[in-house]
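> Dropping the sequence and predicted coords here.
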Amino acid sequence: MTRHWISLLLSMPLAACAASPAGPEYLARADVSAFIGEMQQRHGFERAQLEGWFKNVEPREDIIKVISRPAESKPWHQYRPIFLQSSRIEGGVEFWQQHAAELQRAEEKFGVPPQIITAILGVETRYGRHQGGYRVMDSLATLAFDYPPRAKFFRGELEQYLLLTREEGVDPLVMKGSYAGAMGQAQFISSSFRHYAIDFDGDGKRDLWENTSDAIGSIANYFSVHGWQKDGIVAVPATVGGDQVPALIEAGLKPSLPWADMKKRGVSTDVKLPDAAPAALLALEQESGPEYWVGLQNFYVITRYNRSPLYAMAVYQLSEEIRQLHQQRAARAGGP
């Protein structure tokens, strides 16, 4: 059991262990009973143990409200200022300076540059400072059984979470995270934690809460597995013309059309791109109209972390601001 698990158990208020009045209502539901049966048959959990956990689950109406109006539903000109702030840029440079050795080691091993890893941590948790205050079991159960639009996805994550906590030897009712059940500095959902989290400092544990080295390595590993291209271009501003722009945008975020073909359809950039490079066209809503970008493979990889193009662009632009400020300060200090 990691130090994080122990500290959470010791600091947990006794009231949090008491059964919620709403808990027994879950046990009376056919969908919850079916889920418990599946966990028993598929993974060998004891039914009594599962029922004991669900008796203590607290459905959260506030979670339904929050997930129904995510920040990603905002237009780009409102979404961007949430993350492109001087405090977050300054914090990113400080984080980079503090963890330079681990960030360099992650780049050497996985090919993911320090500014991208830093920006992910900046967008997700302000460099580990805001990791979420919802009990993960409450979040996932609420979304699995009371949020029909994504119930199937969250039931899968609830299954993964119970497997994860069994593997780590911790009480499922203890762990805290975001309203959507994401955990730790890197805000991994349960399936991502099980498949991509790594022990980057070699201490024998995967701790994404208190161990920044593991968080850095796990993000880099996630990007590498999903196809990050070392030294590859992420995205570039574009201008468009012709009548094929709507079709290019509707083709989606995954780069599928060679850049040479996209140029023939009226898209241009000031940056020279390889003609054979698969590309995608993005339109971001500004107050004065759409702003166009060409996204390449590495932009698409960022969307595997969060599927919103707004999120991916915020990460990329924050990473560039952090990189530039880091370079300026290093130059003034006479460093690398």
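Noted; the coordinates are in hand.
> For Ala331, the count of nearby residues, please.
Burial measure for Ala331: 10 neighbouring residues, criterion other C-beta atoms under 10 Å. Quick note: C-beta positions are derived from backbone N, CA and C, even for glycine.
> So it, which state does it fall into?
helix (DSSP: H, G, I helix; E, B strand; the rest coil).
> Leu284 sits in which helix or strand?
Assessed by DSSP states H and E, Leu284 sits inside strand 278-286.
> Give me the residues contacting that strand.
75-77, 235, 238, 240, 245, 248-249, 251-259, 262, 267, 273, 290-297, 299-300, 309-310, 313 (C-beta atoms under 8 Å, 6 or more residues apart in numbering).
> same question, stretch 63-80
Stretch 63-80 has contacts (C-beta under 8 Å, 6+ apart) with 82, 134, 138-139, 142-143, 146-147, 150, 179-180, 284-287, 291, 306, 308, 310-311, 313-314, 317.
> Show me how to select, in ChimeraX, the buried members of the residues you listed.
Here is the ChimeraX selection string for the buried members of the contacts of stretch 63-80, based on 16 or more other C-beta atoms under 10 Å:
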select :134,138,139,142,143,146,179,180,284,306,308,310,311,313,314,317
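> Tell me which of the contacts of stretch 63-80 fall in strands.
Of the contacts of stretch 63-80, the ones assigned to strands by DSSP state E are 134, 284-286, 291.
> could you flag which of the contacts of strand 278-286 are buried?
Buried members of these, counted by 16+ other C-beta under 10 Å: 76, 235, 238, 240, 245, 248-249, 253, 255, 257-259, 262, 267, 273, 292-297, 299-300, 309-310, 313.
> Ala100: what's it in contact with?
Contacts of Ala100 by C-beta under 8 Å, 6+ apart are Pro114.
> Got phi/psi on it?
phi -60, psi -40 (degrees, to the nearest 10).
> just the one 10 residues further on next, same as before
Geometry field for Phe110 lists phi and psi as phi -120, psi -10, criterion degrees, to the nearest 10.
> wait, isn't it in contact with Ser224?
Yes. Counting by C-beta atoms under 8 Å, Phe110 does reach Ser224; the two are 4.1 Å apart.
> Just want to know which of these two has more residues nearby.
Phe110 (21 against 18).
> can you pull the pLDDT of that one?
With respect to pLDDT, Phe110 scores 98.
> Look up how far Ile116 lies from it.
Separation of Phe110 from Ile116 (C-beta to C-beta, to the nearest Å): 10 Å.
> Which residues are in contact with each of those two?
Shared contacts of Phe110 and Ile116 (C-beta under 8 Å, 6+ apart): Phe223.
> Do I have it right that Pro274 meets Met262?
No. Assessed by C-beta under 8 Å, Pro274 is found out of contact with Met262, at 11.9 Å.
> Okay, now the unreliable bits of the stretch 201-336 of the chain?
Within the stretch 201-336 of the chain, the stretches with pLDDT under 70 are 335-336.
> mind checking the SS state of the closest residue to Gly111 other than its chain neighbours?
Spatial nearest neighbour of Gly111, excluding adjacent residues (C-beta to C-beta, 6 or more residues apart in numbering): Lys230 at 3.2 Å. When classified by three-state DSSP, Lys230 comes out as coil.
> Quick check: the gap between the closest residue to Arg135 other than its chain neighbours and Ala182.
For Arg135, ignoring the flanking residues on the chain, the nearest one in space by C-beta to C-beta, 6+ apart is Lys176 at 5.9 Å. Applying C-beta to C-beta, the value for Lys176 to Ala182 is 11 Å.
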